[in-house]
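**Student:** Prediction below, plus the sequence it came from.
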Amino acid sequence: MNTSYEKIAAAIEFVGQHATQQPELEDIAAAVHTSPFHFQRLFTDWAGISPKKFLQYLTIEHAKQLLSTKQHTVFDAAYETGLSGTGRLHDLFVNIEGMTPGEYKNGGASLSIHYMIGDCLFGKYIAASTGKGVCNLSFFQGSNEQAVEELKANWPNAKLVRSTDEHLQRIDDFFNRTAAGPAAIKLHLKGSAFQLKVWQALLHIPEGDISTYGRVAKHINQENAFRAVGTAIGSNPVGYIIPCHRVIKTMGETGGYRWGATRKKAMLAWEAGQMEKQYERPGVV
């Protein structure tokens, strides 16, 4: 079980509550009941960068800087195929297939859904697959039983089986960094044509980058529908793989997240840290 995320989340919460006091490493370590030495090592192993640098990526100023540069005003055409993170820690190719009304009417009565419970950099998650592709990936804090009950509520008439099929194995390999080459992940999602269009657009936001609700709306040629876009983003059924965490408010505030604002901050700052590591050069400080 990966317990590092819980410590990281607690540290992020502490820093957010005491940001004006500029807490030192010793203060943060004490807040999460860890020695400064152990916390520094734990944090660096998790994030790949120092706590000080990581916390810089949590600030609104960093987000504003990203949003103000030209390359962040539109989606890069290189991602039109859904390829996210080219040349980075993980290559990820995601293909979304929408379900037909008959495939999910009556609470998924005709579906057999496999599910697995795993642990990753961002905490515990439950993932499910219809056999055609992943239909759910949710992060959770409570018990495994509670997570399964929530999955059942989404698919009340489907047959649920706890087993790992090829689609769920790709999710596990991706999170555990054991995928051989680019990870090709198929998603089989229920949603309106508008929702599917929004979720597809999110795949075009590169790792380490961010966008806003308004820019996503503009990207799908629905410039005045940013509120509807926000609703569609909030109903994203597949966490992290469909990167709704990369969409923030126009003024640089992180905003809410279906699986917790702290987790969203951790994801954004972790990805920013991976970008810094990628572009590091020997001998350059």
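**Tutor:** Now that the structure is in, tell me what you want to look at.
**Student:** Give me the residue ranges of the stretch 151-285 of the chain where confidence is low.
**Tutor:** The stretch 151-285 of the chain contains residues with pLDDT under 70 at 180-182, 252, 277-285.
**Student:** those strands in the stretch 101-250 of the chain, which residues are they?
**Tutor:** Listed in chain order, the strands of the stretch 101-250 of the chain (DSSP state E, counting those that start in this stretch) span residues 112-120, 123-129, 134-140, 159-162, 183-189, 211-212, 247-248.
**Student:** export these to JSON lines and tack on mean neighbour count and distance to residue 55?
**Tutor:** In short, each C-beta sits where N, CA and C put it, glycine included. JSON lines is the format used below for those (neighbours: other Cβ atoms under 10 Å; distance: least, Cβ to Cβ, whole Å):
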{"stretch": "strand 112-120", "mean neighbour count": "18", "distance to residue 55": "22"}
{"stretch": "strand 123-129", "mean neighbour count": "24", "distance to residue 55": "19"}
{"stretch": "strand 134-140", "mean neighbour count": "23", "distance to residue 55": "22"}
{"stretch": "strand 159-162", "mean neighbour count": "13", "distance to residue 55": "39"}
{"stretch": "strand 183-189", "mean neighbour count": "21", "distance to residue 55": "29"}
{"stretch": "strand 211-212", "mean neighbour count": "23", "distance to residue 55": "23"}
{"stretch": "strand 247-248", "mean neighbour count": "24", "distance to residue 55": "17"}
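**Student:** can I get those in TSV with distance to residue 222?
**Tutor:** Compiled in TSV, the strands of the stretch 101-250 of the chain are given as follows (distance: least, Cβ to Cβ, whole Å):
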stretch	distance to residue 222
strand 112-120	31
strand 123-129	29
strand 134-140	25
strand 159-162	35
strand 183-189	19
strand 211-212	14
strand 247-248	15
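**Student:** Please name the residues that touch residue 125.
**Tutor:** Neighbour list for residue 125: 117, 118, 119, 137, 138, 139, 140, 175, 239 [criterion: Cβ atoms under 8 Å, 6 or more residues apart in numbering].
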